[in-house]
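In: Sharing a model that was predicted from the sequence below.
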Amino acid sequence: MIDRLGGIDPLKNVQNSHKAHRVNGTSQPDSISVSAEAKELAEAYFAMEVAAAAPDVRADRVAEVMQKIKDPDYLNKSVVDLVADRLMDVYGI
């Protein structure tokens, strides 16, 4: 026969081992600091999420341009030159 040797209750042992201790005095509040690199990465991630959620084609803008093109006075040399310059800038020419 084995006799009990005191507190063998497993719950009592766990509760007693994790007692909270009060600290006297004032304590510093918790704080964190975020690096500039982490901030830049967060901004880039947010920008990519916004871009992914945006539609590929702006239908309102396409309709506006199509309406302008139908006007014969709109397509003049200055407009054609401007569009050509912008296309060359986009392709690095």
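Out: Yes, it's here. Numbers count the residues shown, from 1 in each chain.

In: contacts and neighbour counts: CA atoms only from here.
Out: OK.

In: Beyond the one helix or strand Ala44 maps to, next helix or strand please.
Out: Using DSSP states H and E, Ala44 falls within helix 36-53. Remark: after helix 36-53, the chain's next helix or strand is helix 59-70, criterion DSSP H and E.

In: And the contacts of that following helix?
Out: Contacts with helix 59-70, where a contact means Cα atoms under 8 Å, 6 or more residues apart in numbering, come from Tyr74, Leu75.

In: export that helix as CSV, just CAs?
Out: Extracted C-alpha coordinates of helix 59-70, given in CSV (Å, rounded to 0.1, in the frame of the first residue of the first chain):
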residue,chain,number,x,y,z
ALA,A,59,-14.8,52.8,-68.1
ASP,A,60,-15.7,56.4,-67.4
ARG,A,61,-12.3,57.6,-68.8
VAL,A,62,-12.6,55.4,-71.8
ALA,A,63,-16.0,56.7,-72.6
GLU,A,64,-14.8,60.3,-72.2
VAL,A,65,-11.9,59.8,-74.6
MET,A,66,-14.1,58.0,-77.2
GLN,A,67,-16.5,61.0,-77.1
LYS,A,68,-13.6,63.4,-77.7
ILE,A,69,-12.2,61.3,-80.6
LYS,A,70,-15.6,61.5,-82.3
